[in-house]
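Asker: I would like to see how this sequence folds:
(chains A and B)
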Amino acid sequence: MTALSIAIPGGIGAILAGLMFTLLRGDRKSAIDLAVHIFLAVVMAVFLAFLAAKAIDNPGGFLEILVGGLLSGVLYSLVALGFVLIFKASGVFNYAQGAMVLVAGLALVRSLDFLTASGVATVVAVPLAILFSGAVMALCAFVIEKWVLRPLLNQDGLTLFMSTIGATFVLEGLAQMVFGSEVYPLKLFPTDPMILLESVFPGGILVNKLDVWGGVIAGVLVAALALFFQYTKTGRALRAVADDHAAAQSVGIPISWIWFIVWLVAGIVALVAATVWGTKLGIQFSIVFLALKALPVLIIGGFTSVPGAIVGGLIVGAGEKLAELYIGELIGGGIEYWFAYVLALAVLLVRPQGLFGEKIIERI
Amino acid sequence: MRKLLGTAVIVGLGLGTAAPAFAQGEQFIPVLSYRTGAYAVNGVPFANGTLDYLALLNERDGGINGVKIAWEECETGYATDKGVECYERLKGKGTTGAAYVSPLSTGITFALTEKAPGDKIPLLTLGYGRSESRNGAVFPWNFIAMGSYWTGADVAIQHVAKEMGGFDKLKGKKISLVYHDSPYGKEPIPALEAFAKKYDFTFKGIPVTHPGVEQKSQWLSIRQDRPDYVLLWGWGVMNGTSIKEAAAVAYPRDKMIGIWWSGAEPDVTPAGDGAKGYKALMLQHGPGQFGVHAEIKKNVLDKGKGHAKDDFGQVLYNRGLINSFIGTEAIRTAQAKFGKQPMTGEQVRWGFENLNITEARIKEAGFEGMMKPLKLSCTDHQGADLARVQQWDGKEWKVISDWYTADRSVLDPLVAEQSAKYAAEKKITPVDCSKAG
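Answerer: Below is the predicted model of the structure:
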């Protein structure tokens, strides 16, 4: 049994190492690149072989963590999607996306509390509160486009990025000033656990219903965004602006309007993320830290790819949970916070544009 | 015109945020607090309680023995760098500089422990900070009044043993600690390891990284490991998230015991029904309104000069009141020796070291029912080893235990060992307490 539990993961690791090296071969340019790629392929293979050994040892436990991690990753993707939308359309890395989730969440939960306290039935109060918070996000989009982005039109990306850092602090401060800075519970989705495959694994596999809801919502959101980009006039205009601002402007596409729309869509995505994360944690300031979780997701998936945000989220979610549980206990734990960045760094070394990002070729 | 308007706004902002000027003859107390950020939910009620008691002394008594109190709040965000920055900015203010500093963070306390002796400013760390700083001979400027994390660890284990039917029943059991991965969360580990050795149970520490919003892997590991009890050393958003995740993996909440910083209203209310049954230690006091609250209401809040809102009488608001009570009593004690005038940090240190808050004084100050007598000395900067256990019933905290006294036969050698280690590392010659005045 011991020999088997070493041989199987070892074999898996060797196959994966070979596979990864072959995949990475295309981008190899120099001897240093080759060395880096071999090193990363070996490290990754050892990690995966180690996980395979753990899976053989306790398949139920491994599957539980893996499923939990993948579902958590979908929740990260919900936040990452907002970044991707804005980056695609305007080339701006919107640091304020986390703050937008906070604003949307606070507007939603505070208006919902107000309506229910005023005696409005929950079935009516929830849509009204969603409408109100949607309107708040539209106002944010209008203000950011008019007073932050428009005056900086044609400035370089770093200037626009810095302006979104400024917008972050203003949004965080204003939202807490207007709506309060306590923890506001929100319960829009069920949060109780389900035990699956109890007859297969002792104790079964625990999955939280909220995580499943998060997965479904992310799926619907991605499908809706794909339809919007593919089949609507505004969506096509958005793609044109993403490809080339000047060319899009020359054929009569109004840049200001498109930017407003894209910030509004990012605001709506932030609102959707707030409903799920708010149910999980309560609406509170710490929600802004989700922006930091979305960053490695974007680096891995690529800043310009909606499917990349989903796949990146899945890799980060599963990777950090498995690493925390299996590697964390070997080195004293607490690695979840930075492990996602280690994964992102590894991807940056071999594919700077991310797994699904567009490779930018600039001619001089 | 636009330029003029801009200048006016800048000047206006400058005037609006200008630091308060302190009158000659006032006693200055810096207030390090956090009203924004991930830990604001816990920082706000504590800061409100701290300030409302100081305001009460000024409004009702004209200060401490007629010496008016001045204070300035500084936002640390629970970050060590910002905390040190606040300390540096405020330490020299007022007629005699800072009387004492309450860092309200173990991380900031660790950093200031190095600075306080040079600046001659005492640190009041009520129920937090370096546990070995009980030894005043090595830590003359730290006052870990009322309890340390080792006291908390001891009381938690005593309560677990009681629920299991005796210390002998701990043998072979599993106790896990879910802790904030910071100096604060790591502090009880040496004590829990000592207890694990003494009572032969398996101890496992499970760290959670700042701010603690993502704990799925930790709680899935708990589900697989099935410990008999889980101790919680969290702060801010981490507490509520731990309780929610415990509910999500169906870990029984009545097998969870939080430290006194994980046992306030903002820790349980976000989890809703999921928090029902959760237990936490009490740093002597719990929630509720006592004599001092009536005085604050009459003399401060009704005059529109207070800070309390819904948090009036909540656990952390009450702890803020006690923090200011102990600090100002140290100033009062110092005044009895050095005269009724603003005290220097060095004089207040003497006040802390000779502090004796009796039953009668507690009653007179309106704190009866909130705390027990407290007596500090050169050798003992903690002064008390008492705690109780409370349980959240879904609506409010209920006291479910009698008073526990920490077992000093285990903790004192630990204090001696760790403080001697610190003294050797920092090349400190311990104070001869037999000669302390």
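
Asker: Read off the pLDDT value for residue A:79.
Answerer: At residue A:79, the model reports a pLDDT of 87.

Asker: you'd agree it is up against residue A:273?
Answerer: Yes: Residue A:79 is within contact range of residue A:273, at 5.1 Å (criterion: C-beta atoms under 8 Å). From N, CA and C alone the C-beta is placed, and that goes for glycine too.

Asker: and chain B, which residues reach chain A?
Answerer: B:35-38, B:40-41, B:44, B:181, B:205-211, B:213-214, B:216-218, B:220-221, B:223-224, B:236-237, B:240-241, B:244, B:247-250, B:266, B:269-270, B:272, B:274 (C-beta under 8 Å from any C-beta of the partner chain).

Asker: In the stretch 251-400 of chain B, what residue spans correspond to helices?
Answerer: Ranges of helices in the stretch 251-400 of chain B, per DSSP state H, counting those that start in this stretch, are B:265-268, B:291-299, B:315-338, B:345-353, B:359-364.

Asker: worst average pLDDT in those helices?
Answerer: Among the helices of the stretch 251-400 of chain B, helix B:265-268 carries the lowest mean pLDDT (a mean of 93).

Asker: just checking, what packs against that one?
Answerer: helix B:40-61, helix B:237-248, helix B:315-338 (3 or more C-beta pairs under 8 Å, 6 or more residues apart in numbering or on different chains; DSSP states H and E).

Asker: Quick one: residues in contact with that helix.
Answerer: A:182-183, B:41-42, B:45, B:234, B:239-240, B:243, B:258, B:275, B:278, B:280, B:287, B:311, B:314-316, B:392, B:397 (C-beta atoms under 8 Å, 6 or more residues apart in numbering or on different chains).

Asker: mind running it again at 6 Å?
Answerer: Helix B:265-268 has contacts (C-beta atoms under 6 Å, 6 or more residues apart in numbering or on different chains) with A:183, B:41-42, B:239-240, B:275, B:314, B:392.

Asker: ditto for stretch A:59-66
Answerer: By C-beta under 6 Å, 6+ apart, stretch A:59-66 touches A:54-55, A:201, A:205-206, A:318, A:321-322, A:325, B:220, B:224.

Asker: which bits of the stretch 101-250 of chain A sit near chain B?
Answerer: A:181-183, A:185, A:193, A:206, A:208 (C-beta under 6 Å from any C-beta of the partner chain).

Asker: Dump these to CSV, plus pLDDT and secondary structure.
Answerer: Below are those laid out as CSV (pLDDT from 0 to 100; DSSP: H, G, I helix; E, B strand; the rest coil):
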residue, pLDDT, secondary structure
A:181, 77, coil
A:182, 81, coil
A:183, 84, coil
A:185, 87, coil
A:193, 83, strand
A:206, 86, strand
A:208, 87, strand
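
Asker: neighbour-wise, which of the residues you listed leads?
Answerer: residue A:183 (25 neighbours; other C-beta atoms under 10 Å in any protein chain shown).

Asker: if we can go back for a sec, quick check: which of the helices of the stretch 251-400 of chain B is buried the most?
Answerer: helix B:265-268 (a mean of 26; mean count of other C-beta atoms under 10 Å in any protein chain shown).

Asker: Quick one: distance of that helix to the chain centre.
Answerer: Centre-to-centre, helix B:265-268 and its host chain are 16 Å apart (C-alpha atoms, centre = their mean, to the nearest Å).

Asker: Same check on stretch B:205-225?
Answerer: With C-alpha atoms, centre = their mean, you get 24 Å for stretch B:205-225.

Asker: Can you identify the element that follows the helix-or-strand element of chain B with minimal mean pLDDT toward the C-terminus?
Answerer: None of the helices or strands of chain B scores lower by mean pLDDT, DSSP states H and E than helix B:2-16, at a mean of 46. Sequence-wise, the next helix or strand downstream of helix B:2-16 (DSSP states H and E) is strand B:27-33.

Asker: Spell out which helix or strand contains the closest residue to residue A:126 other than its chain neighbours, please.
Answerer: Nearest residue to residue A:126, sequence neighbours excluded (C-beta to C-beta, 6 or more residues apart in numbering or on different chains): residue A:112, at 6.6 Å. Applying DSSP H and E as the criterion places residue A:112 in helix A:97-117.

Asker: Please report phi then psi for residue A:184.
Answerer: phi -110, psi 110 (degrees, to the nearest 10).

Asker: Let me know how buried it is, in neighbour terms.
Answerer: 20.

Asker: tell me the pLDDT at it?
Answerer: 88.

Asker: so who does it touch?
Answerer: A:109, A:283.

Asker: Could you give the bridge partners of it?
Answerer: residue A:283 (DSSP bridges).

Asker: Name the spans of chain A whose pLDDT lies under the cut-off.
Answerer: A:1-14, A:16-29, A:360-364 (pLDDT under 70).

Asker: can you tell me how far residue B:60 sits from residue B:298?
Answerer: 8 Å (C-beta to C-beta, to the nearest Å).

Asker: end-to-end on stretch A:226-244?
Answerer: Its first and final residues considered, stretch A:226-244 spans 20 Å by C-alpha to C-alpha, to the nearest Å.

Asker: Pull out the buried residues from it.
Answerer: A:229, A:235, A:237-238, A:240-242 (16 or more other C-beta atoms under 10 Å in any protein chain shown).

Asker: what about it, distance to the chain center?
Answerer: 21 Å.

Asker: Could you do stretch B:295-304 as well?
Answerer: 25 Å.

Asker: what does that stretch rub up against?
Answerer: By C-beta under 6 Å, 6+ apart, stretch B:295-304 touches B:52, B:55-56, B:59-60, B:306, B:366.

Asker: how about these in JSON lines, adding neighbour count, distance to residue B:194 and pLDDT?
Answerer: Below are these laid out as JSON lines (neighbours: other C-beta atoms under 10 Å in any protein chain shown; distance: C-beta to C-beta, whole Å; pLDDT from 0 to 100):
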{"residue": "B:52", "neighbour count": "26", "distance to residue B:194": "39", "pLDDT": "98"}
{"residue": "B:55", "neighbour count": "21", "distance to residue B:194": "43", "pLDDT": "98"}
{"residue": "B:56", "neighbour count": "27", "distance to residue B:194": "41", "pLDDT": "98"}
{"residue": "B:59", "neighbour count": "18", "distance to residue B:194": "47", "pLDDT": "97"}
{"residue": "B:60", "neighbour count": "13", "distance to residue B:194": "46", "pLDDT": "97"}
{"residue": "B:306", "neighbour count": "19", "distance to residue B:194": "44", "pLDDT": "94"}
{"residue": "B:366", "neighbour count": "19", "distance to residue B:194": "38", "pLDDT": "97"}
